[in-house]
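>>> Output the structure for:
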Amino acid sequence: MEIQAVLRRIHLYSPQPQAMADFYAQAYAMSITPLNDSLICRSADRELGLSRGVAHQLKYALFALTSESAWQAFLSRTQRSQHEDLSALAELPEGSVGFKDPDGNLIVFCPPTDAPPAAHRGTPHAPEAALPEAKLQHFALRTQNIEAMVRFYTEQLGYVLSDRVQDEQGQLKACFLRTDRLHHAMAL
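Model prediction:
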């Protein structure tokens, strides 16, 4: 069974975070909020964090559990796993917990928020000229260590393997992992 978490934010490094934030603000009608050394771009069901750094690097991915019971089950599941110190990430929701995968990517989880996602609030349909409603649904990580990454996400964090892509020799080349009813929240 899935852990009942939804992807809430990805936070990327960029050599030009302001230019990137400006692009996303215009292209996807996102607001930009400066926070410490980061920019947080937001719209309904989408958040993108940007910080100055080397391009194509993930600072963290943030998943929110969808209910208090799912949050408590997740905390129980991960109580013996190494938790990362998140004190330098002031933009994270209170109570967040983080883990480093075998490649060193920081994956963070937070308790459910009081407000339901915009898609469940009955938001009115946008005018035809506006972008269709959408949400942050998934992201992908490149890895040379795919088997260890799959074990980490499925065995330690509780993701469910949706699909495997194998070569002619049966070697795993890519896979899709889910945290809720959607086909995947992450691809490796």
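>>> Can you report how many residues neighbour residue 10?
18 (other Cβ atoms under 10 Å). Heads up, the C-betas are built off the backbone N, CA and C, glycines and all.
>>> Run through who's touching the worst-scoring helix or strand of the chain on mean pLDDT.
Lowest mean confidence among the helices and strands of the chain (mean pLDDT, DSSP states H and E): strand 139-140, at a mean of 88. With contacts defined as Cβ atoms under 8 Å, 6 or more residues apart in numbering, strand 139-140 is touched by 7, 10, 58, 61, 185-188.
>>> can you give me the offset of the helix ranked longest in the chain from its chain's centre?
Of all segments of type helix in the chain, defined using DSSP state H, the longest is helix 17-28. In terms of Cα atoms, centre = their mean, to the nearest Å, the centre of helix 17-28 is set 19 Å apart from its chain centre.
>>> Next: stretch 54-63.
Distance, centroid of stretch 54-63 to centroid of chain: 9 Å (Cα atoms, centre = their mean).
>>> Same question for stretch 89-103.
Distance, centroid of stretch 89-103 to centroid of chain: 11 Å (Cα atoms, centre = their mean).
>>> List the buried residues for that stretch?
Neighbour-count burial for stretch 89-103, counted by 16 or more other Cβ atoms under 10 Å, picks out 89, 91-92, 96-99, 101, 103.
>>> again with stretch 11-27
Neighbour-count burial for stretch 11-27 [16+ other Cβ under 10 Å]: 11-14, 17, 20-21, 24-25.
>>> Kindly indicate which of those residues lies nearest residue 70.
residue 11 (22.5 Å; Cβ to Cβ).
>>> All set, thanks.
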